[in-house]
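>>> coords below, sequence missing:
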Ligand SMILES: [Fe+2]
C-alpha cells in the first residue's frame, strides 16, 4: 500500500491539482505501478460484492474500462457555461458556510453528458464510467474533510482519483439546492400537492439592491435591455421588472468633458427617464457594468440602494394551507410518495392540519425554529429520540421520512426541470437509476 501525505494541501485545491498539475501525473504514476493494476478494475472487483440493480448489470452500448466514445455531432458545452447555468438556478451564496466548495473536481473544459445523482457511491461511479458521463451533478458533496493521506485501498479515494484521472467534473449543490426556489424543499410541496403560502423556516437573507439610473428617452430601451440581459429586474417568478418615470435632469459640462447632450460651460435641462430595477448581490457588478456600457452619457448617474429583503429562499418551508387537511388525507398523500413513520404527541393531536413544516434530508438544525413556529406537523428525517420527544411535547406531530428516499424523490423533480432547460442547449442529461421512478 502506498500512502502519499498531503497535509500541506488544503481542500478543494488538491483535486484541481490532481487533474491539472504535476500531482495528477505523480499520483497516477504511483498508482499505475501497484500490483493491483488499474484502479477501475480494482473498484469493479471490490464492488462486485455490492448487489447491482438488474438493469445496471448490462448497460447497452457501454464500454467498461475502455476509452470514452461519443457519436459524431454530439453537442458539447463549456464546463464553465454549465456551472454558471446551474449556479444561476441554485446560487452557491444560499449555501450554509460549512458546505464545501461546490466544484469538487474540475475536469475537462468541454462537457457532453451530465448525470444527476444524490451522492457518489459505487453504483453511481459505475454508471458514470460505463456510460461515459463527463459531468456528475450531486446533492451530497463527496469531499467534506481535508485528505491527509491517499491510499488505493480506500474505495472512496480510489473513486475520486479515477474521476480525476478521467477528467470527469463533479459539482455538488448541497444546502443551496435545499434553500433555493425550485429546490428540494419546494419540490416536496409540489409532490405532495400542498396548496398554501410557503415561507422558509430559516430564511436566507440575500442582499438585494435597488439600482437607479437616468437616461435620455432615445436610449431607454437599449439600457433596459442591457439591464435585463444581465439578470437585473428579477422579483420572485417575474423578470424584466422595472419602474420608469419621465422627468427633467440638469447638468453643466466642465472643461474636458465630452457631453452626449449640450455644450461645455452651459447648463442643460433635458428630458430623462428614471429607470429603477431590483438587482441581487450576485449580479450587481454586472448590471452596473451593463448600464455603463449601454448608456450614452460620458458620466451616467447610477444610484445603488440596499434593500431589506423579506426573503423567499432558505432552509425548509412552512406551508400555511389554504384549506385544512385531515390527518388521514395527509397520510394518504405521504404514502403515495415515500415511506414514513408518524410520531404523535400522547394526547390532543389535531385531526386536521393547517400549518405544515417540512425539510428534506435532516431537519435537525431547524428544531429550535420549528418549536418556536409551532406548526402542527413537521416532515423531515434523522431526528433523535430526544428531538422527537421535544416536538411531541410542543404538540407537534413528527413524520419521519428516510433521508435518502426523501431527497432522491425531490431530486427527481429537479432533474425534470433541468432536463427541459438543458434540452434547449442540446446537452444530454440523465438521472442516476437510483432516483428513477
Ligand atoms: Fe441530504
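That came in fine, so what should we check first? Note that the structure is a prediction, hence the values are computed from the model and not measured.
>>> Do a quick rundown of the strands in the stretch 301-437 of the chain.
Using DSSP state E, counting those that start in this stretch, the strands found in the stretch 301-437 of the chain span residues 302-307, 314-326, 341-343, 352-362, 377-381, 397-400, 428-431.
>>> Among those, show the one with the smallest mean pLDDT.
For the strands of the stretch 301-437 of the chain, mean pLDDT drops lowest on strand 428-431, to a mean of 84.
>>> so where's the chain uncertain?
Residue ranges of the chain with pLDDT under 70: 1-74, 206, 309-310, 348-350, 437.
>>> Can you tell me which of the strands of the stretch 301-437 of the chain is most buried?
strand 377-381 (a mean of 25; mean count of other C-beta atoms under 10 Å). In this view, the C-beta of every residue, glycine as well, is placed from N, C-alpha and C.
>>> tell me the domain ranges of this protein?
13-61+72-176+414-431, 184-202+316-401, 208-307 (automatic domain parsing).
>>> want to throw the ones you listed into JSON lines with distance to the ion?
Supplementary listing: the domains of the chain in JSON lines, determined by distance: least, C-beta to the ion, whole Å:
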{"stretch": "domain 13-61+72-176+414-431", "distance to the ion": "6"}
{"stretch": "domain 184-202+316-401", "distance to the ion": "3"}
{"stretch": "domain 208-307", "distance to the ion": "24"}
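>>> which stretch among the ones you listed comes nearest residue 407?
Closest approach to residue 407 among those (C-beta to C-beta): domain 184-202+316-401, 5.0 Å.
>>> so how far is the first residue of that closest one from its last?
Its start and end residues considered, domain 184-202+316-401 measures 14 Å (C-alpha to C-alpha, to the nearest Å).
>>> And for stretch 162-175?
26 Å.
>>> How about stretch 124-142?
Its first and final residues considered, stretch 124-142 spans 12 Å by C-alpha to C-alpha.
>>> same thing with stretch 277-285?
Using C-alpha to C-alpha, the end-to-end distance of stretch 277-285 comes to 14 Å.
>>> And that stretch, what's buried?
Across stretch 277-285, burial judged by 16 or more other C-beta atoms under 10 Å covers 277-280, 282-284.
>>> helices and strands around the lengthiest helix in the chain, which ones?
The residue-count maximum for a helix in the chain (DSSP state H) belongs to helix 403-423. Here helix 403-423 touches helix 79-89, strand 113-117, helix 184-191, strand 352-362, strand 377-381, strand 428-431, going by 3 or more C-beta pairs under 8 Å, 6 or more residues apart in numbering; DSSP states H and E.
>>> Let me have these in TSV, adding distance to residue 216 as columns.
Output for those, formatted as TSV (distance: least, C-beta to C-beta, whole Å):
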stretch	distance to residue 216
helix 79-89	32
strand 113-117	45
helix 184-191	42
strand 352-362	51
strand 377-381	55
strand 428-431	45
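>>> Looking at the ones you listed, spot the one closest to residue 388.
With C-beta to C-beta as the criterion, residue 388 lies closest to strand 377-381 of the helices and strands packed on helix 403-423, at 9.6 Å.
>>> which other residues reach the closest one?
188, 316, 330, 334, 340, 353, 355-364, 366, 370, 391, 396-403, 406 (C-beta atoms under 8 Å, 6 or more residues apart in numbering).
>>> In the sheet, which strands lie alongside that strand, parallel or antiparallel?
Strand 377-381 pairs in its sheet with strand 352-362 (parallel), strand 397-400 (parallel), by DSSP bridges.
>>> what's next to the shortest one, contact-wise?
Which is strand 397-400. With C-beta under 8 Å, 6+ apart as the test, strand 397-400 has contacts from 327, 334, 340-345, 349, 353, 376-381, 383, 388, 391-392.
>>> Report the distance from it to the chain centre.
Remark: strand 397-400 is offset 27 Å from the chain centroid, using C-alpha atoms, centre = their mean, to the nearest Å.
>>> How about the first one?
Taking C-alpha atoms, centre = their mean, the mean C-alpha location of strand 352-362 is offset from the chain mean by 22 Å.
>>> how far off helix 184-191 does it point, in degrees?
140 degrees (axes from the mean of the first three to the mean of the last three C-alpha atoms, to 10 degrees).
>>> between strand 352-362 and strand 314-326, what angle do the directions make?
150 degrees.
>>> Strand 352-362 vs helix 403-423, what angle?
Going by the same axes, to 10 degrees, strand 352-362 is angled at 80 degrees with respect to helix 403-423.
>>> In contact with residue 367: list those residues for me.
383, 387, 390-391.
>>> related to what we said a few turns ago, as TSV, the strands of the stretch 301-437 of the chain with distance to residue 170 would be great.
Compiled in TSV, those are given as follows (distance: least, C-beta to C-beta, whole Å):
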stretch	distance to residue 170
strand 302-307	35
strand 314-326	23
strand 341-343	33
strand 352-362	19
strand 377-381	24
strand 397-400	30
strand 428-431	15
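>>> and of these, who's closest to residue 229?
Counting by C-beta to C-beta, residue 229 lies closest to strand 302-307 out of the strands of the stretch 301-437 of the chain; the figure is 16.9 Å.
>>> Just the residues contacting that closest one, thanks.
Applying C-beta under 8 Å, 6+ apart, the contact partners of strand 302-307 are 207-213, 278, 284, 288, 291-292.
>>> Out of these, flag the one nearest to residue 233.
Closest to residue 233, out of all of the contacts of strand 302-307 and judged by C-beta to C-beta, is residue 278, at 6.7 Å.
>>> beta partners for the closest one?
Where residue 278 sits in a bridge, its partners, by DSSP bridges, are residue 210.
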